[in-house]
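Peer 1: Sequence and computational prediction follow.
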Amino acid sequence: MSTTIERSSQYKVIGKDVLRPDGVDKVTGRAVFADDVHLNGMLHAKVLRSPHAHAKIRSIDVSEALKMPGVRAVVTSEDFPPIPEGIVKEEGAAFFALASDKVLFRGHAVAAVAADSPHVADEALSKIKVEYEVLKAVLDPREAMEPGAPVLHEKLNPMSFGARLEQHSPNALQQITSMGDIEQGFREADVVVEREFTTKTVHQGYIEPQSCVVDTAPDGSVTIWSTCQGPFRHRDNTADLLQLPQNKVKVIPTEIGGGFGGKEVPYLEPMAAILSRKTGRPVKITMSRSDVFEGTGPACASYMRVKFGAKKTGELVAAHLYFCFEAGAFPGAPVGGAVGIGLGRYKIPNQLVEGFDVVVNKPRTQPYRAPGATQIHFATEGVVDELCEKIGMDPIEFRLKNVVQEGDRNVQGVPFLRIGGVEVLEAIKNSDHYKTPLEGPNRGRGVALGFWRNGGGMSSCSISVHPDGTVSIIEGSPDLSGTRTGIGMQAAETLGIPFEDVRITVVDTDSVGYTMGSWGSRTSFATGWAAIEAARDVNLKMVERASSIWSVPPEEVEVSDGTFYHRDDGSKKFTFKQLAARLNATGGPVVGSSVVDPTRGVGPAFAANVVDLEVDPETGKVTILRYTVAQDVGQALHPGMVEGQLEGGTVQGIGWALNEEYFFDNDGQMRNSSFLDYRMPVALDVPMIDTIIIEVPNPGHPYGVRGVGENNIITPPAAIAAAIHNAIGVRMTDLPMSPGYVLQALWQQNGH
Amino acid sequence: MAKVIVNAVVNGEPVEFFCEPRQSLLEVIRDVLLLTGTKEGCNDGNCGACNVILDGVLVDSCCVLGVEAQGKTVETIEGLAGTDGDLHPLQRTFLDLTGLQCGICTPGFIVSAKALLESNPNPSEHEIRLGLSGNLCRCTGYDKIVLAVQEAGKMLTEAKR
Ligand code: FES
Ligand code: FES
């Protein structure tokens, strides 16, 4: 809530809490989300899902369902062309084409029915007869790696979450990196801590279920309205699965009601396209909440073993991180990313990281805000906290001693540019929160440090200048949280015009160049950069126009802050508006455009937390008393929204730490697939979150921007575990730290 | 399924509509009356995205049948702003204090907060958190929502003076 920003603003637009352009629509109910799209003649479809975790499909009989009045069409995997090799398989996207020979998890989509109403479609599902031959399932990643475990796939694709992995065993891929000599490193250590940790499957918990409306025209072209993070990936996957040229699939991203990594892939669109083709009518599919829990991709569960060694003086000398991520039914847990950042925040000369991507008969997982990092930090920061205790060193001092700084090398050997690890730690150390002593029984304080690499990647943008001097910007990044505001601000800043003169719209895949999805904390950074480049293109073209109006060489015309002027002749001057007014009559309108792929400028970032909490020794319930998060955001584009990211990510992290988990029974059935039983934090569960925005400008970006969205979820479970230890003296090694688990830990400690 | 005629007053206007007895009020509002500002997050009473005010009482419209609206008044998010486009103080403060990110929960929160402020014009932070605990937001962490409701409460109280 209360916020400190340590900086001085050098910008006119950037750094101001401007009014978001989509705001009024969102507070009045006018904003159109996917399920709000109504087309004439639209049908409603529902999806039949596997009741088994692992089974062969012997036969599917849809005849009874088709006979029901109001039922218009049924789709099964047979309606899809044979699945092509290549990108679809590599991304594990094959299952969006419905299960064919086998079902691999409880909730795997098998068929879908389009009908006049959702109720009729629902009823028709019960009329579809599927004969299964139930196979033995494997639900635990460690068991799945054992010889003789049930095998899910004949072959695992080695491309996992953007990294190339090695085959380890029939159900597992692995990636191993090392540096130095860990044997030697551990021999040099004065103190060594080794522990095992586990975390459970959790869901992103976006409030808007997956939903789409798909209209297939008689010529076979497909138009998709969808709540998606990456319209171009939706387009490409759909085109691949239907074997259509990419220009015959258009994805119109609607407003999106949260995603956090869960809306990156097209669960529904390909099957809806076939239903629409079969019926000649638009088809809507909206998931129920239990569909969302059971049929989409939650974040992976994990098993981790961590061993750290340090000198008495506090220097880390060796680390071994071993982790298995439970990918679900297809490979693709965020192993590569976690290997990259798992130990990345500290200078550790000798290290070995072994990561495993293990398939089990559970829903295929998806990224969740800083994918993999929350699990890894829970384990590694837990071990760091214990090292601090054993050495007798203040946890912030310990981290200050070891944190990477400018010039230190990352695991790939590349030196870091300016980076804010020290700054976030100092900010926590100097915070009122940390300086205020915590008193009272069963109360404890914990700190933790989080590191995230952030993302770059391709984005496109164009800007049209209108005769009255206002501009329209189009870009391709679905706006999950306010990004179009920050992107528009960067364009306005570059053009030197007020933000009110900018109208910015997220457009469909036909209207703008390829843009990667809104994930990886890349949107404000990379699409923002695209907006800057498009604005520079506008400036360039307007400079040329001014030069031709004045009949002077373009080199003699300059632009700054929205004013075009002749280098030496003070009488030759246009404001942006004046020049815009002359464009149409002097050669036509100006449109600036850009395509960028600024992967090299990506600025990794740090967040640090301090939390106070109280444990109820009777019930094991943990109450958060006070929470402070400091995060390096490079340059806060819109401070209010940046605070919102810090607060929201922290509260998701608190939910992950204390409550949230999938309960699977022995058959792989999720037993808590509702918001009643999968309990996310409500307003009453959390206090105000104090935020400290640190701005260590990213030297790789024109305005110093670093990704903001993900870093904040990484540290809460680790910080809370440290605080619980501080409160009651037990080390919590499993998530969630729910009342039952805390109580059990207390009883064990008391010899019960 | 045979449809039933229902008469109700929605956002101040008398309306007559057909609905199947099994349709929820949420479905009727969204699919029959085409007022899509009211959202569905769970369809089982656990997220508050579908909140509307039915005869002065806050309800999860997914847990009420459409036919139950017979003879009653329904207030949805679309009814909050004035006819000339003037925003309700809650809409104003949610905007000004960044009380939303993705915005899917926002109509439910604003309607829920309106009901809260009508019964308690000057709630404490705790009372707001308690009063809004039927509404889930996954984006904001609630800080700014609580502040927006507090601020709107003040505006409304002052306007009455
Ligand atoms: S949709 Fe009604 S409470 Fe969630
Ligand atoms: S703003 Fe996204 S759920 Fe509340």
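Peer 2: That came through, no problem. Numbers count the residues shown, from 1 in each chain, chains lettered A, B, ... in the order given. Ligands and ions are numbered 1, 2, ... in the order given.
Peer 1: and A:Gly180, how far is that from chain B?
Peer 2: A:Gly180 sits 40 Å away from chain B, taking C-beta to the nearest C-beta, to the nearest Å as the criterion. Every C-beta, even on glycine, is put in place using the N, C-alpha and C of the backbone.
Peer 1: now do A:Leu242
Peer 2: 28 Å.
Peer 1: which ones are touching that residue?
Peer 2: A:80-81, A:222, A:249, A:270, A:273-274 (C-beta atoms under 8 Å, 6 or more residues apart in numbering or on different chains).
Peer 1: contacts with ligand 1 among those residues, please.
Peer 2: Among these, no residue lies close to ligand 1 (C-beta under 6 Å from any ligand atom).
Peer 1: Now tabulate those residues in a markdown table and tack on neighbour count, secondary structure and distance to A:Gln184.
Peer 2: What follows is the contacts of A:Leu242, written out as a markdown table (neighbours: other C-beta atoms under 10 Å in any protein chain shown; DSSP: H, G, I helix; E, B strand; the rest coil; distance: C-beta to C-beta, whole Å):
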| residue | neighbour count | secondary structure | distance to A:Gln184 |
| --- | --- | --- | --- |
| A:Phe80 | 19 | coil | 55 |
| A:Pro81 | 11 | coil | 56 |
| A:Val222 | 24 | strand | 59 |
| A:Val249 | 27 | strand | 56 |
| A:Pro270 | 28 | helix | 53 |
| A:Ala273 | 28 | helix | 58 |
| A:Ile274 | 25 | helix | 60 |
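Peer 1: The stretch 601-750 of chain A: strands as residue ranges?
Peer 2: Read by DSSP state E, counting those that start in this stretch, the stretch 601-750 of chain A holds these strands, from start to end of the chain: A:605-615, A:622-632, A:689-694.
Peer 1: Over to chain B?
Peer 2: Remark: strands assigned in chain B by DSSP state E are B:4-10, B:13-19, B:51-54, B:57-60, B:73-75.
Peer 1: For ligand 2, find the nearest of those strands.
Peer 2: Across these, ligand 2 has its closest neighbour in strand B:51-54 (13.0 Å, C-beta to the nearest ligand atom).
Peer 1: which of the strands of the stretch 601-750 of chain A sits most buried?
Peer 2: strand A:605-615 (a mean of 28; mean count of other C-beta atoms under 10 Å in any protein chain shown).
Peer 1: returning to that earlier point: export the strands of the stretch 601-750 of chain A as TSV, with columns for mean pLDDT and distance to B:Phe18.
Peer 2: Formatted as TSV, those follow (pLDDT from 0 to 100; distance: least, C-beta to C-beta, whole Å):
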stretch	mean pLDDT	distance to B:Phe18
strand A:605-615	98	54
strand A:622-632	98	49
strand A:689-694	98	47
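Peer 1: Indicate which one of those is closest to ligand 2.
Peer 2: The closest of the strands of the stretch 601-750 of chain A to ligand 2 is strand A:689-694. By C-beta to the nearest ligand atom, the value is 14.9 Å.
Peer 1: just checking, what packs against that closest one?
Peer 2: strand A:3-6, helix A:421-429, strand A:622-632, helix A:639-658 (3 or more C-beta pairs under 8 Å, 6 or more residues apart in numbering or on different chains; DSSP states H and E).
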